[in-house]
Structures are given as C-alpha cells and as structure tokens.
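1. 3D, please:
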Amino acid sequence: MMDWIIAVLVVVLMMLGAAFSLIAAIGINRLPDLYTRMHAASKAGTVGSGLLLLAVGIHSMELSTLARSLAGFLFFVLTAPVSAHLLAMAAHKAGYLLDKNSVVDDLKKMQS
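-> Next up is the predicted model:
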C-alpha cells in the first residue's frame, strides 16, 4: 500500500513538473519581449525543475538522494529568480526596450 502511495505522489510531482516546464517553454516562445520571456523562464522553469527533482528524490527511496534533490530544489528556488532579476536589470541598462504593450517601466523612473 505504501509503495502505491509513493508511486502516485511521484507521478503527480512529475506531471506537475512537466506541466510547469511546458508552460515555461511556451512562455519563452510566445511572450513579446526579453523581460516577459525571462519571467516565464525563471518562475515556471524553477518550479518545474524543482518538482521534477523532488520526484526523483522520492522515487529513489534513499535518504542521500532525497537530501541532494532537496538541496538542488532549494538552490533553484533561491538562485533562479535572483539571477533573472539581475539579468533583467543588466539588459535594461544595455538598452533592451520593453514591448509596446508594457505600460510601466519602473527601472526607467528609478534611473532618471
């Protein structure tokens, strides 16, 4: 019975991780400018990768593998959004413009 519960949990985590990764990939291809693409990649991609790592750790049924997957998950959650933010600030300073549909440029207000 316990094996069945773990199998269902692993399948749910894998499906959710794959769905978030798919959403990130679609966002990268469909969104209009660098900043919205970066947002999709950093947020949905982070959650998707984290859930897949967690599924691998649970599926392994080994404490050492689970601990490494949790450490990887924590690393993704802490670093991906921060690095995306810093890359977006660097792109803004380099002159990449927002899409015409964007209505507020808070960084432009801060720099002037």
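2. what pLDDT, on average, does the helix ranked longest in the chain get?
-> Assignment by DSSP state H gives helix 63-94 as the longest helix of the chain. The predicted model gives helix 63-94 an average pLDDT of 91.
3. I'd like the next helix or strand past it.
-> Downstream of helix 63-94, the first helix or strand assigned by DSSP states H and E is helix 106-111.
4. how far off centre is that following helix?
-> 26 Å (Cα atoms, centre = their mean, to the nearest Å).
5. returning to that earlier point: what packs against the longest helix of the chain?
-> helix 34-60, helix 106-111 (3 or more Cβ pairs under 8 Å, 6 or more residues apart in numbering; DSSP states H and E). All C-beta spots, glycine's among them, are computed from the backbone N, C-alpha and C.
6. excluding chain neighbours, what is closest to M38?
-> A84 (5.1 Å; Cβ to Cβ, 6 or more residues apart in numbering).
7. likewise L66?
-> L66's closest residue in space is G57 (Cβ to Cβ, 6+ apart), at 4.0 Å.
8. again, but for R68
-> G57 (7.1 Å).
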